[in-house]
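# coords please:
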Amino acid sequence: MTAIQAIYVRGHEERPDPKFHIVYRIEIQAHVRSWQMWRRYSEFVELHTELTKSISPPPAPLPPKHALAVLRGPFKDTSGIIEERRAGLEKYLRAIISAKDDKWRESDAFRQFLSVPIGRHGTMPEGSTSKQFSSSSWLDEHLELQAKIRDIRADIIKRDALSDRGEVSASHTVNVQAKKKLAETLSRVRTLTQGLQELGMAAMAEGELQRRTDMVARLQDDCEKLGKMVTVTRQSRSATASPAQGAPATPESNRAALLGKPVTRVFGPQETNVTRPLDNQGLVQLQKTQMEQQDGHLVTLTSILQRQRHLGEAIGAELALHNELLDELNSDVDHVGGKLVSAKKQLNRLG
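Reported below is the predicted structural model:
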């Protein structure tokens with residue numbers, strides 16, 4: 001097992017789906033790398049139960065369970081209870097890590113709980129991407145990858161701004177950083193895809209599996225678009241303007257000055273920053289890539305529309321059943337009303 005040097009439970013988040021719950025952020029520091037994950041209190045309870053059943057009670061107890069959902073309200077403050085539980089969970093994990101007996105921290109349940117990478121002879125190989133996900137940790141990883149993609153887009157915008165100002169060296173440095181981040185993101189997306197396949201084999205609901213498959217597909221599309229963007233660098237304005245300043249006027253430049261517009265290749269109504277540096281072969285390849293992306297989006301849209309149609313048909317059948325039940329109820333009410341009228345008439349005759 002990877003030698004863990006330190007472990008912390010830092011902070012928490014309130015999440016409304018599928019119902020209100022609180023997750024705690026666990027940070028692990030090892031010799032080679034550091035990582036983090038989010039865990040619910042119920043997952044701590046499952047770990048404690050498994051360790052107690054398979055080995056023996058861990059060296060520290062879990063903090064007591066509170067009915068946070070019941071205690072919450074407009075005038076209820078649960079921050080103290082949450083902080084007390086966070087400190088107790090951190091103490092619980094540290095007791096297992098620092099115990100003289102390693103039977104708890106070397107168990108499969110504890111390694112899976114912390115998502116510890118495992119390689120040959122129990123060590124983590126350099127560059128390893130093997131990772132086991134739970135349902136909640138998979139969603140956490142997806143959120144982190146979305147943040148990574150936003151960071152890469154910000155780097156590309158910064159690169160283009162530096163290029164426009166003529167800072168070629170700084171623009172190149174930012175572009176290299178964006179490429180490194182994109183390579184890391186692609187590796188993590190592949191790991192996320194493998195994790196989803198494992199979760200699918202673990203009897204995940206079909207609808208949830210399809211939803212997460214669509215989420216991965218969107219990540220892959222974003223990475224593919226970013227890959228094209230980082231390979232096409234914008235030419236700086238100073239670089240394009242300098243030859244015209246030092247060179248004598250040519251017939252083409254005179255013609256451009258007379259016409260009031262540059263002489264460029266005609267490509268549709270207007271060229272863009274993406275198409276301008278490409279030759280004919282590059283334009284054909286770009287068109288093919290965009291058509292393939294559109295085909296992929298259409299396939300995804302078709303599957304979504306099919307699911308919406310099935311949902312609509314199911315809702316329609318349910319409404320039809322409810323209408324039949326309401327018609328039966330209406331007829332029963334009329335029947336009972338008729339009996340009440342006849343009974344009232346009989347009472348009037350007796351009176």
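# Please enumerate the strands of this structure.
Remark: strands assigned in the chain by DSSP state E are 4-15, 21-30, 34-40.
# Report the buried residues of the longest one.
Of all the residues in strand 4-15, those buried under the rule 16 or more other Cβ atoms under 10 Å are 4, 7, 9, 12. From N, CA and C alone the C-beta is placed, and that goes for glycine too.
# List of residues touching that strand?
20-31, 38, 82, 86-87, 89-90, 93-94, 97, 105, 114, 116 (Cβ atoms under 8 Å, 6 or more residues apart in numbering).
# give me the low-pLDDT residue ranges for the stretch 51-200 of the chain?
Applying pLDDT under 70 to the stretch 51-200 of the chain flags residues 66-77, 117-132.
# residue ranges of the helices in it, please?
68-71, 79-98, 108-113, 135-164, 168-201 (DSSP state H, counting those that start in this stretch).
# I'd like those helices as CSV, with distance to Gln306 and mean neighbour count appended.
Shown next, in CSV, are these (distance: least, Cβ to Cβ, whole Å; neighbours: other Cβ atoms under 10 Å):
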stretch, distance to Gln306, mean neighbour count
helix 68-71, 36, 12
helix 79-98, 43, 16
helix 108-113, 36, 17
helix 135-164, 24, 17
helix 168-201, 19, 16
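# Quick one: closest of these to His322.
Among the helices of the stretch 51-200 of the chain, the nearest to His322 by Cβ to Cβ is helix 68-71 (31.0 Å).
# got TSV for the strands of the chain, with mean pLDDT and distance to Ile152 too?
Putting those into TSV (pLDDT from 0 to 100; distance: least, Cβ to Cβ, whole Å) gives the following:
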stretch	mean pLDDT	distance to Ile152
strand 4-15	88	24
strand 21-30	88	23
strand 34-40	87	20
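# Which one of those lies nearest to Pro61?
strand 4-15 (15.4 Å).
# per-residue pLDDT, Met291?
Met291 is assigned 90 on the pLDDT scale.
# coming back round to it: what's the closest of the strands of the chain to Ser56?
strand 4-15 (20.6 Å).
# Skip the chain neighbours and tell me the closest residue to Met204.
Spatially, and ignoring its direct neighbours in sequence, Met204 is nearest to Ser135 (7.3 Å; Cβ to Cβ, 6 or more residues apart in numbering).
# centre of the chain versus the helix ranked longest in the chain, how much separation?
Taking DSSP state H as the criterion, the chain has its longest helix at helix 280-350. Chain-centre distance of helix 280-350: 31 Å, with Cα atoms, centre = their mean, to the nearest Å.
# so what secondary structure elements neighbour that helix?
Under the contact criterion of 3 or more Cβ pairs under 8 Å, 6 or more residues apart in numbering; DSSP states H and E, helix 280-350 touches helix 206-231.
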